[in-house]
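> predicted structure and sequence below. I'll ask about it afterward.
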Amino acid sequence: MFERFTAHRLDVGNGVSIHARIGGVGSPLLLLHGHPQSHVMWHAVADRLAERFTVVAADLRGYGDSCRVPPGDGGAAYAKRLMAADMAALMTALGFDRFQVGAHDRGARVAHRLALDHPERVERLLLLDIAPTLAMYEGTTEAFARAYWHWFFLIQPAPLPERLIEADPRAYVRDVMGRRHAGLDVFAPEALAEYERCLAIPGTAASICGDYRASAGIDLDHDREVERRLVLPLRVLWGGLGVVGRCFDVLTLWREVADDVSGRALECGHYLAEERPDEVLDEMLGFFKT
């Protein structure tokens, strides 16, 4: 995995350091991952993307091999505004003023905020398997709550969810990921081992709970304050056999907050880049500008 890449750990300010793998030549392309994963989720497409782009596959704060930050009240240290600022600073440190972004799940929520708060930096945005956070909370149904149980488990007051995750991190990864449409068989063993390793790093459980508590609190406040719409080209893909596609009208919800939206469902569940890597790669190569 990541044969064309080298590992870096960069200080992005405020005591935060971000781990990223960087490789390739061409226009800069930032890749962000979801929960409970790391940059490794891009392993099936990253090397081929690096033939046309300078790819920066980063770990979000609190995930992978990036630093763990004390969450603070309501997970404020994991506000998507701060996590987006990490990525803007990371790209600045690497010498990239403008760049494109591909992101999945939690990383896609960070990428949405990155494009809102730093519109002069982000040229194009491709998001995998999310609808806007505010719309998803406001449109929560019983079916969604049952399927996305971890959204509501992780926001429970500390230390209950942290204690339960830390008791068996491997089981948490396998239960969260294995209960989705495709089960665990779609994940490369070395990738799954990385997700398990990183979740067992001390402080990870507190970090991911902080991430979700922020999404259910301060992030919604920031979303409600936003007057700016996304005006950049936005491509959204989702799993036609997954929860987001079943419970939400994805394109309609994105068109309520963005001007230039296209997208479609793929015949898979939540983990598009690992379930349908060739299709995701084709979409990325067709959408991003070299």
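Looks like it arrived, so ask away.
> could you use CA atoms for every contact and neighbour count after this?
Fine.
> where does the stretch 151-290 of the chain have low pLDDT?
Counting by pLDDT under 70, the stretch 151-290 of the chain contains no low-confidence range.
> compute the first-to-last residue distance for stretch 115-126.
Taking C-alpha to C-alpha, to the nearest Å as the measure, stretch 115-126 stretches 11 Å from start to finish.
> give the buried residues for it.
For stretch 115-126, the neighbour count (16 or more other C-alpha atoms under 10 Å) marks 115-117, 119, 121-126 as buried.
> repeat that for stretch 144-155.
Buried residues in stretch 144-155 (16+ other C-alpha under 10 Å): 144, 147-148, 151, 154-155.
> quick one: the strands in the stretch 51-200 of the chain?
53-58, 99-104, 122-128 (DSSP state E, counting those that start in this stretch).
> save those strands as a markdown table, and put in distance to residue 193 and mean pLDDT too.
Listed next are the strands of the stretch 51-200 of the chain as a markdown table, based on distance: least, C-alpha to C-alpha, whole Å; pLDDT from 0 to 100:
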| stretch | distance to residue 193 | mean pLDDT |
| --- | --- | --- |
| strand 53-58 | 18 | 98 |
| strand 99-104 | 19 | 99 |
| strand 122-128 | 23 | 98 |
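> name the nearest of the buried residues of stretch 144-155 relative to residue 181.
residue 147 (10.6 Å; C-alpha to C-alpha).
> show me what contacts the residue positioned nearest the centre of the chain?
The residue lying closest to the centre of the chain (C-alpha atoms, centre = their mean) is residue 107, at 1.7 Å. When contacts are counted by C-alpha atoms under 8 Å, 6 or more residues apart in numbering, residue 107 is found next to 32-34, 60.
> what's the most distant pair in the residues you listed?
The distance between the two most remote of the contacts of residue 107 (C-alpha to C-alpha) is 8.8 Å, for 34 and 60.
> who has more neighbours, the two?
Just comparing residue 34 and residue 60: by other C-alpha atoms under 10 Å the higher neighbour count belongs to residue 60, 30 against 21.
> what's near enough to touch that one?
18, 32-33, 38, 66, 83, 107 are the contacts of residue 60 under C-alpha under 8 Å, 6+ apart.
> burial of residue 64, as a residue count?
Counted with other C-alpha under 10 Å, residue 64 comes out at 28.
> can you check residue 88 too?
Other residues close to residue 88 by other C-alpha under 10 Å number 23.
> didn't it look like it was pressed against residue 114?
Yes. Contact criterion C-alpha atoms under 8 Å: residue 88 and residue 114 qualify, at 7.4 Å.
> any shared contact partners between the two?
What both residue 88 and residue 114 touch, as defined by C-alpha under 8 Å, 6+ apart, is an empty set.
> want to throw the contacts of residue 60 into a markdown table with pLDDT and distance to residue 51?
Listed next are the contacts of residue 60 as a markdown table, based on pLDDT from 0 to 100; distance: C-alpha to C-alpha, whole Å:
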| residue | pLDDT | distance to residue 51 |
| --- | --- | --- |
| 18 | 98 | 24 |
| 32 | 99 | 19 |
| 33 | 98 | 20 |
| 38 | 98 | 22 |
| 66 | 98 | 26 |
| 83 | 98 | 28 |
| 107 | 98 | 23 |
